[in-house]
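Undergrad: attaching a predicted model along with its sequence, questions to come.
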Protein chains: 2
Amino acid sequence: MHVAIVGAAGMLGRKLAAALAAGVPIGGVAPTRLTLVDVVPAPAPEPAAVPIMVRTADIARPETAAALIATAPDILFHIAATAMGQADSDFAAGYRINFDTTRSLLEAIRTRDGGPLPRFVYASSIGVYAPPFPALIPDDFPVRPDSSYGVQKAMCELLLDDYARRGFVDAVGLRLPTLAVRPGPPTFGNSGFFSNIVREPLAGREAVLPVAPTVRHWMASPRSAVGFLLHAAALDGGVLGAERTLTLPGLSVSVAEELEALERIAGPAALARVRFEPDAVLSGAAYPAAFAADRARALGFALAERSFDDVLRFHIEDDFG
Amino acid sequence: MHVAIVGAAGMLGRKLAAALAAGVPIGGVAPTRLTLVDVVPAPAPEPAAVPIMVRTADIARPETAAALIATAPDILFHIAATAMGQADSDFAAGYRINFDTTRSLLEAIRTRDGGPLPRFVYASSIGVYAPPFPALIPDDFPVRPDSSYGVQKAMCELLLDDYARRGFVDAVGLRLPTLAVRPGPPTFGNSGFFSNIVREPLAGREAVLPVAPTVRHWMASPRSAVGFLLHAAALDGGVLGAERTLTLPGLSVSVAEELEALERIAGPAALARVRFEPDAVLSGAAYPAAFAADRARALGFALAERSFDDVLRFHIEDDFG
């Protein structure tokens, strides 16, 4: 089974590549070949149980997407994206990376020169939704994005449904919750602070909390996200029907609950490293608090964590070397 | 005031061009220059009160769209589209004509070399909606297309909102009802029969009714559609808020009511030219019966006709030479 990852140099891509390189099976079948694609060279996990090919390519270009599909992946994960902030600050790059890449891949699959239809797993986002949010957002909540990022993701979801309806692709889209704890340096756009306020204190550094502790949001650990992607890759596409994109389970966690977990796991000294400095823009934003995610749950998508304490433990286990 | 029409060779484009060439004002201002654009040469209305430039060009190409925008239209009507049936049968052409043309125009406006922001009036369609339909479809009914045509229109609506939100375009989208009576030869895809069953008998020809007389659908005359486009061109964009596309008023008419109007206007001999031959696909389709169209009504969009009798009279007045 040949598995390809587009966006393999990103945070989630690296974790997914590591799992597959270690031989984690998809639907009971272990990968035999792994192709890692990104606009910058993706790090090849070591040691690896399977041969790995690293391709540096801009898949937004139709001919580059076609060359990738010509390598006949059985499963193609498309998790390349710019973050919400970048998609809004660099308008053209946002459309190129978040929309054209998806379209080029779908067209390359549709017009490929024979071979089986690959399973296409696409990482969408809860960013396709916009306020006002009900306390619990149902699966049929209207998709009405209010950011360029959300528009690009929503357009890709429409393409997925159309290509799948016509039999041109075997696609599953996943509206991922905000991922926390994101490893790496702090990020300051939109939802980055949900990770910053725990990752930095855990590492002994100070962090700024830009919103009130009562703010509640929908999160999942990167470990859960990798699990979701692997589960989607093995899903029977026939059960999805016309709507190929699923809103995924998450944890509904308030900032206060994050900080309580931080204190339980790392003590009052860690908590004391968080400084409250309200940011007008972030404090004025509306964060979706909880999604029903009924369809995804019924299809077997399940979180790895049961609490935000688990989320912190996973971060320590997975990202602290 | 320089007015450009993309899709000027189509049925609606020709009628809009004729109105503007006759000097019909937009927001009280008469056009002083008219540019007619299509992939085939658009007929220039005669006599014309204003200079007319006919451009034969594929606006899906970014450089062609940029050349058009460089002529600095104050108002740009984009009503180029393939029909629903063609968008589904020629997949690539559907995306090129129904999506890429819109995107190229929006990008050309965003990246234009100075000059005022043109008002962009975009013809969308009630085809962005899919069943199951309530009896009266509210303005906030979710956009969930079930055809390639509907997906392309929905993607364009998302682009309109995003470009407008960012201040890159001053856009209004209009979800037009099914237009009846369409002049010209019979069309057999999707909603063509709503026109065929009255146009053909009025002209002394036989017509086939492929669905039950109880089928009810949302229609407007081409005369109303031209009025909608002109009204949209003069609308204050500021009142539209984040959602730039409006669902328009129409008549909720059953096939039986169409045929009753036909008999009233043209007598029992005309009615006798309609033969009932159920078509499995068309009979199995779900036709939206009525839309609330509250937002558009509040913004002054109003039908020209009060009944389907009026629709038939307009057809006779406007299309029978």
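TA: Perfect, I can see it now. Numbers count the residues shown, from 1 in each chain, chains lettered A, B, ... in the order given.

Undergrad: ok, then the element right after the helix or strand where residue A:18 lies?
TA: Residue A:18 is part of helix A:11-21 when elements are defined by DSSP states H and E. Past helix A:11-21, further along toward the C-terminus, the next helix or strand under DSSP H and E is strand A:33-38.

Undergrad: quick check: angle from that following strand to helix A:11-21?
TA: Orientation check (axes from the mean of the first three to the mean of the last three C-alpha atoms, to 10 degrees): strand A:33-38 against helix A:11-21 gives 170 degrees.

Undergrad: could you give the mean pLDDT of strand A:33-38?
TA: Averaging pLDDT along strand A:33-38 gives 98.

Undergrad: residue of the stretch 201-321 of chain A nearest chain B, please.
TA: Across the stretch 201-321 of chain A, no residue is closer to chain B than residue A:242, which sits at 6.5 Å (C-beta to the nearest C-beta). All C-beta atoms are positioned from the backbone trio N, CA, C, and that covers glycine.

Undergrad: follow-up on the earlier one: identify the residues contacting the helix holding residue A:18?
TA: Residues external to helix A:11-21 that are found in contact with it (C-beta atoms under 8 Å, 6 or more residues apart in numbering or on different chains): A:3, A:5, A:7-8, A:26, A:31, A:34, A:36, A:38, A:42-50, A:52, A:77, A:79-80, A:123, A:179, A:182-184, A:222-223, A:225-226, A:229-230, A:318.

Undergrad: just to revisit the earlier point, what does the model give the residue of the stretch 201-321 of chain A closest to chain B for pLDDT?
TA: What the model reports as pLDDT for residue A:242 is 92.

Undergrad: what comes up buried for the helix holding residue A:18?
TA: By neighbour count on 16 or more other C-beta atoms under 10 Å in any protein chain shown, the buried set for helix A:11-21 is A:11, A:12, A:13, A:14, A:15, A:16, A:17, A:18, A:19, A:20, A:21.

Undergrad: which parts of the stretch 101-250 of chain A sit against chain B?
TA: A:110, A:140, A:142-146, A:148, A:151, A:154-155, A:158-159, A:161-162, A:165-166, A:168, A:242-243 (C-beta under 8 Å from any C-beta of the partner chain).

Undergrad: all helices in the stretch 51-200 of chain A, in order from the N-terminus.
TA: Along the stretch 51-200 of chain A, counting by DSSP state H, counting those that start in this stretch, helices occupy A:62-69, A:84-89, A:91-95, A:101-110, A:148-165, A:193-202.

Undergrad: so which of those comes closest to residue B:257?
TA: helix A:148-165 (32.9 Å; C-beta to C-beta).

Undergrad: that closest one to helix B:101-110, inter-axis angle?
TA: Using the same axes, to 10 degrees, the inter-axis angle of helix A:148-165 relative to helix B:101-110 is 160 degrees.

Undergrad: how about helix A:148-165 as PDB, C-alpha atoms only?
TA: What follows is helix A:148-165, C-alpha atoms only, in PDB (Å, rounded to 0.1, in the frame of the first residue of the first chain):
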ATOM      1  CA  SER A 148     -10.500  33.800   3.400                       C
ATOM      2  CA  TYR A 149      -9.200  30.700   5.100                       C
ATOM      3  CA  GLY A 150     -12.700  29.500   5.800                       C
ATOM      4  CA  VAL A 151     -13.900  30.300   2.300                       C
ATOM      5  CA  GLN A 152     -11.000  28.400   0.800                       C
ATOM      6  CA  LYS A 153     -11.800  25.300   2.900                       C
ATOM      7  CA  ALA A 154     -15.500  25.600   2.200                       C
ATOM      8  CA  MET A 155     -14.800  25.700  -1.600                       C
ATOM      9  CA  CYS A 156     -12.600  22.600  -1.300                       C
ATOM     10  CA  GLU A 157     -15.400  20.800   0.600                       C
ATOM     11  CA  LEU A 158     -17.800  21.700  -2.300                       C
ATOM     12  CA  LEU A 159     -15.300  20.300  -4.800                       C
ATOM     13  CA  LEU A 160     -14.900  17.100  -2.800                       C
ATOM     14  CA  ASP A 161     -18.600  16.500  -2.800                       C
ATOM     15  CA  ASP A 162     -18.900  17.200  -6.500                       C
ATOM     16  CA  TYR A 163     -15.900  15.100  -7.600                       C
ATOM     17  CA  ALA A 164     -17.100  12.200  -5.300                       C
ATOM     18  CA  ARG A 165     -20.700  12.400  -6.500                       C
END
